[in-house]
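Colleague: whatever this is, show me its structure:
(chains A and B, ligands or ions: 2)
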Amino acid sequence: MTAKKNTIDRRSFLKVSALTGGGMIIGFNFFSACKPEVELPKEIDVSTLNFKDFNGFIKIADNGMVTIFAPNPEIGQGVKTSMPMIIAEELDVAWKNVHVVQGGLDTDIFERQVAGGSQSIRHGWDPLRQTGATARQMLINAAAAKWGIDAAECTVEEGVISNSKGDKLGYGEVAVEAAAMDVPKDVHLKEPKDYKIIGQDIQNVDIDEIITGKPLFGLDYKREGMLYASVLRPPAFGQKLKDFDDAVARSKEGVVDIIKFGNKLAVLANSTWEAMRAKKALNAIWEEDTKLESSEDHDKILLDLLNGKKFKTLRSDGNIKKAFANADQVLERTYESPFLPHNCLEPMNFFAHVTDEKVELAGPIQTPKGTAERIAKKLNRDFKDISLEMTRMGGGFGRRLYGDFALEAAEISNIAKKPVLVIFSREDDMADGIYRPAIKYRISAAIKDQKVVGYHLKEAAINGNMYGLIPNFFPAGAIDNYQVDVANYKSNITTGAWRAPYTNFLAFAEQSFFDELAETMGVDKIQLRLDLLQKVKGTTDVRIQYSAERMESVINEVVKRSNWGKTKEGVYQGFSVYYCHNSHVAEVADVEMENGIPVVKKVTCAIDCGIVVNPLGAMNQVEGGVIDGIGHAMYGDFNFTNGVPQSVNFDTYRLIRMKETPIVESYFIENDIAPTGLGEPTLPPAGPALANAIKAATGIRLTKQPFIENKEIFG
Amino acid sequence: MAKYNLTVNNTPYTVEVSPDTPLLWVLRDHLNLLGTKFGCGIGQCGACTIHLDGTPTKSCLLTVSLAEGKSITTIEGLSEDGSHPVQEAWKEIDVPQCGYCQAGQIMTASAFLIKNPNPSREEIREAMHENICRCASYNRIEIAVEKAAKKLS
Ligand code: FES
Ligand code: FES
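Modeller: Ligands and ions are numbered 1, 2, ... in the order given. Reported below is the predicted structural model:
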């Protein structure tokens, strides 16, 4: 990438003004053009920053200190640190002089104010750099005007502008004048080789608050007169409330009220404990509304779908029928995975205070705008009555995209006319989830003259199917006759996005299958993938987003870094490579046998996610993604009997813990390509790398998650 | 309801709650000490870990009556300003992702290092096994505990 002329008219997303106390303020938007009439504040009071018109603000104080106000929700992906780094880089200030503040949160318009899909950095990359660079140019222009010279004669270093005579002006000294300058049309962006902040290890900007236990999260939200609400929901999917007796619950200490709304009962009390305790004393009678489903039903239904003919074809190349008919050999395998709850460590919760004048909402949510809209509709209120304050999120993984908990809080407060904090217990959180759907894949390959000539992927899933460009991921384009077919069954069990939707299991199916394919053909496992990739090079198929070259480079990197095939005796390795969320990742898992059981010791991970903005934060994401992938592939199991989830807390639902974790080594491919997702893409390849290593160690091929259920291997 | 006298972070408090209230909710709802987190309520995740007379204890399982007369330390009392060696190590290693589990992790680690100031990696893994990190920052927790041990010795 070369420094490019900025062709976007920054007037469409940026506004500048002087501050009464000195200094300047810049309001900017990632995407939407701000209206010409919008005003910037003359004083900085975080609570009054208008995030309706701008989604970020930069303040340059008269002492040169830079404050970046951003309302980005932080769910643990580190964007609250990395996005300001990008601004600071182009602004050319020292990071130690930059202060990041979570802005006033009266949000309603912030296009990408959604944390999820690993896309925050990808979408913010250009607008954030342009914002920083534009501000820098205005400061330079102001200094040049003061000196009566051409701006081109000025240089900048860490917030200090110099001219050839050796005069110096700090940003703070020209901020007021800069604010009066025209917003320049053309600004130059830095060459990656000149980056001083991007590419440096920068600590999480909230680190001090986190390690000292400051209230940051939704569950920490408090308001004068607030009541705590614990909600009783139908115990089974498919049930509804028939009748209830709340006399005993009402007599419990601390209970203020008990409210019925829809099919639910809410206990409002003066403390969390009192609300939770009284909920247990509620006597509710439930009746069947729709069919009560069990996991055995789902297994049968999904297998029937795979064996049946009710498919929708999402991509079809060549003629798989012919390819399979003429094959020397056909390999077919079925892979199965259960539902999974998200289990954010901070259980779902939300604050609402509904009055005749306004609707105040606060809490951890990945989709503030959509949720506020749903609440406006539900309560029949004007959208402008609603304000939503976002708190830090104790994990997201997709669960906080769904505003069900916020809606509950609003409904309850609307009836009670009191400020209310709805708190899910862990049991509520797990039993009233929006789960990763159970999925089964069947993959078959046609082999002819030692070549893979046909590939047929069938998906049977609960509720929804793979979407978007997923059918065009590897090996699409690499095999002449290729088809992806999907079918689904509509269940009353709620499902939704779960970290790396669909690919979190599809990668396991496909990357396990390629290992088996290589075994069947008697060829090298990694070479098989590399050979297939050759055909994708120079493809003109615009649907294909992955790059054969980038995939090749992560494969080569992981082979080198993991000592592939050259490890000491007793170490068994498994490989996988995957592309999703615009990033390419290859992983090698090292397994050793301990007391006859395979134990994963190390995972080596090579990632091409373009420019790495903050390596320290990025590695944290990689380590987390890999271990999360290993953990859920190994232990994640979630079943239903007659609509009732069979495990609802951590005593019966197993999450990976310290002693089960491998050491993760991560290696980033260095290049100058715009950054892509990192929160998700390292998760999908972890499961198959482990399964392939377990095969090497034990000779047993895993086709079903969770692995721990395999008695042959784990006893 | 009954009255309880508690000593939290060397400060005396009197609260009036029912006897079965877990200390976790007394800290959070009544004393406004929100650093101690709720994760499971059944002693399985460690998010609510505090020190009870120096011993790491899951406050979700400890009823308030059993905490009377004991010295309770929460994350807010570990140091005034985050300068406890475990907190410093956490900062240097940049451990947190979402951050929700970390107060509990730090409380477990700091109590463990008093008992075992010079632990092996295996001992660290054993000691931290009861604390869940859903974001899986386990590698860094392991390294940070090791680093904190060095600072303390
Ligand atoms: S909340 Fe106490 S151990 Fe989980
Ligand atoms: S950092 Fe999110 S649970 Fe540990």
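Colleague: beta partners for residue A:579?
Modeller: Counting by DSSP bridges, residue A:579 is bridged to residue A:584.
Colleague: how close does it get to residue A:665?
Modeller: Distance, residue A:579 to residue A:665, by Cβ to Cβ, to the nearest Å: 20 Å. For every residue, glycine as well, the C-beta is placed using N, CA and C.
Colleague: the more surrounded of those two?
Modeller: Neighbours per residue (other Cβ atoms under 10 Å in any protein chain shown) separate residue A:579 from residue A:665, with residue A:579 holding more: 26 against 20.
Colleague: got the contact list for whichever residue of chain B sits closest to chain A?
Modeller: For chain B, the residue closest to chain A is residue B:35, as judged by Cβ to the nearest Cβ, at 2.0 Å. By Cβ atoms under 8 Å, 6 or more residues apart in numbering or on different chains, the contact list for residue B:35 reads A:212-215, B:74-76, B:103.
Colleague: pLDDT at the closest residue to it other than its chain neighbours, what is it?
Modeller: Sequence neighbours aside, residue A:213 is the residue nearest to residue B:35 in space, at 2.0 Å (criterion: Cβ to Cβ, 6 or more residues apart in numbering or on different chains). Note for residue A:213: predicted pLDDT of 97.
Colleague: looks to me like the residue of chain B closest to chain A is in a helix.
Modeller: No. Going by DSSP: H, G, I helix; E, B strand; the rest coil, the assignment for residue B:35 is coil, not a helix.
Colleague: residues from chain B in reach of ligand 2?
Modeller: B:96-102, B:133-135, B:137 (Cβ under 6 Å from any ligand atom).
Colleague: could I get the residues you listed as CSV with pLDDT?
Modeller: Listed next are those as CSV, based on pLDDT from 0 to 100:
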residue, pLDDT
B:96, 96
B:97, 95
B:98, 94
B:99, 96
B:100, 98
B:101, 98
B:102, 98
B:133, 98
B:134, 98
B:135, 97
B:137, 98
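Colleague: turn those residues into JSON lines, including neighbour count and distance to chain A.
Modeller: As requested, those are exported to JSON lines (neighbours: other Cβ atoms under 10 Å in any protein chain shown; distance: Cβ to the nearest Cβ, whole Å):
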{"residue": "B:96", "neighbour count": "29", "distance to chain A": "5"}
{"residue": "B:97", "neighbour count": "28", "distance to chain A": "4"}
{"residue": "B:98", "neighbour count": "28", "distance to chain A": "3"}
{"residue": "B:99", "neighbour count": "30", "distance to chain A": "4"}
{"residue": "B:100", "neighbour count": "30", "distance to chain A": "3"}
{"residue": "B:101", "neighbour count": "28", "distance to chain A": "5"}
{"residue": "B:102", "neighbour count": "30", "distance to chain A": "6"}
{"residue": "B:133", "neighbour count": "33", "distance to chain A": "7"}
{"residue": "B:134", "neighbour count": "26", "distance to chain A": "4"}
{"residue": "B:135", "neighbour count": "30", "distance to chain A": "5"}
{"residue": "B:137", "neighbour count": "27", "distance to chain A": "6"}
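Colleague: look up phi and psi at the closest residue to chain B within chain A.
Modeller: Closest to chain B within chain A is residue A:213: 2.0 Å, counting by Cβ to the nearest Cβ. Main-chain torsions, residue A:213, degrees, to the nearest 10: phi 80, psi 30.
Colleague: can you name the element that comes right after the longest helix along chain A?
Modeller: Identified as the longest helix of chain A according to DSSP state H is helix A:120-147. With elements assigned by DSSP states H and E, the helix or strand that comes after helix A:120-147 is strand A:155-157.
Colleague: pLDDT averaged over that next one - what is it?
Modeller: pLDDT averaged over strand A:155-157 gives 95.
Colleague: may I see the buried residues of that strand?
Modeller: residue A:156 (16 or more other Cβ atoms under 10 Å in any protein chain shown).
Colleague: outline the domain layout of chain B.
Modeller: B:2-78, B:85-152 (automatic domain parsing).
Colleague: looking at neighbours, which among the contacts of residue B:35 is most surrounded?
Modeller: For these, the largest number of neighbours (other Cβ under 10 Å) sits with residue B:75, at 30 neighbours.
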